[in-house]
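Asks: predicted model, plus sequence, below.
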Amino acid sequence: MCAETVQTAAPVRLFRNPKSGHCHRVELMMSLLGVPYETVDLDMANGAHKAPDYLQISPLGQVPAIDDNGVTMADSNAIVTYLVLRYGEADTWRGRTPVEAAEIQRWLSIAAGEIAAGPCAARLVTVFGATLDHDAAKTGAHALFRMMEQHLDGRDWLAADRLTLADIAGYSYIAHAPEGGVSLSPYPAIRAWLGRIEALPHFVAMARSPELA
């Protein structure tokens, strides 16, 4: 699943906040694929993500974004899709059958929907001071985790019999959910799934913040 180091003219530049799960999603994907990269940490508190030069790369002023030797792109799910198409075995990651492809897409939608509104939003409140409804985010996170706990009963991965984009898209905010006050203690199947990802060769971790749960 994890490739040898691939050849690029220069390392891919990853524009990020080191505590962003969206950014970590991309960094993890590049590390597993063996894509050389360098990180560029943006001073977002002082508006670096709204600078005109950066808006040419990420028009919404969001992280992550990449510059792959002149190919620029924003949005974490778009970036990981690009990376496996360019540097990986695309069908392995995106689906070998129509059913697998659809299931992987469903989890990418969950990453942009329920994960973003649940564990991601809860963590935005506690780590970044976002003015969001913390209780609603925690409630949504637990509703999602109850579903995932049942889904992972008897299976190792979210969408296929192997690691796919579904697992990459889901990992970061779920692994760091306790930093947002969402405990993973009631979910042994989820914790085992996280452990399998963390045991992968070339796994790279995201910066930790204090846990509240």
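Replies: Structure received.
Asks: got the CA positions of stretch 148-165 in PDB?
Replies: Extracted in PDB, the C-alpha atoms of stretch 148-165 (Å, rounded to 0.1, in the frame of the first residue of the first chain):
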ATOM      1  CA  MET A 148     -19.000   4.100  12.800                       C
ATOM      2  CA  GLU A 149     -18.700   1.700  15.800                       C
ATOM      3  CA  GLN A 150     -21.300  -0.500  14.300                       C
ATOM      4  CA  HIS A 151     -20.000  -0.200  10.800                       C
ATOM      5  CA  LEU A 152     -16.500  -1.200  11.900                       C
ATOM      6  CA  ASP A 153     -17.700  -4.300  13.800                       C
ATOM      7  CA  GLY A 154     -16.000  -7.200  12.100                       C
ATOM      8  CA  ARG A 155     -14.100  -5.100   9.500                       C
ATOM      9  CA  ASP A 156     -10.700  -3.400   9.500                       C
ATOM     10  CA  TRP A 157     -11.300  -0.500   7.100                       C
ATOM     11  CA  LEU A 158     -14.100   1.800   6.300                       C
ATOM     12  CA  ALA A 159     -14.900   1.200   2.700                       C
ATOM     13  CA  ALA A 160     -13.000  -1.900   1.400                       C
ATOM     14  CA  ASP A 161     -10.800  -4.800   2.500                       C
ATOM     15  CA  ARG A 162      -7.800  -2.400   2.600                       C
ATOM     16  CA  LEU A 163      -6.800   1.100   3.400                       C
ATOM     17  CA  THR A 164      -8.500   3.600   1.000                       C
ATOM     18  CA  LEU A 165      -9.100   7.400   0.700                       C
END
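Asks: which helix of the chain spans the most residues?
Replies: Secondary structure of the chain read by DSSP state H shows that its longest helix is helix 134-151.
Asks: next structured bit after that one?
Replies: Following helix 134-151 in sequence order, the next helix or strand is helix 165-175 (DSSP states H and E).
Asks: what angle do that following helix and helix 134-151 make?
Replies: Counting by axes from the mean of the first three to the mean of the last three C-alpha atoms, to 10 degrees, helix 165-175 points 130 degrees away from the direction of helix 134-151.
Asks: what about helix 165-175, average pLDDT?
Replies: Here helix 165-175 scores 98 as its mean pLDDT.
Asks: next secondary structure element downstream of that helix?
Replies: helix 188-198.
Asks: ok and that next one relative to helix 165-175, angle-wise?
Replies: Helix 188-198 and helix 165-175 are oriented at 110 degrees to each other (the same axes, to 10 degrees).
Asks: and helix 188-198, what other elements does it pack with?
Replies: Secondary-structure packing of helix 188-198 (3 or more C-beta pairs under 8 Å, 6 or more residues apart in numbering; DSSP states H and E): helix 134-151, helix 165-175. Heads up, the C-betas are built off the backbone N, CA and C, glycines and all.
Asks: which residues does that helix contact?
Replies: For helix 188-198, the external contacting residues (C-beta atoms under 8 Å, 6 or more residues apart in numbering) are 145, 148-149, 152-153, 156-158, 163, 167, 171, 174-175, 184, 203, 205.
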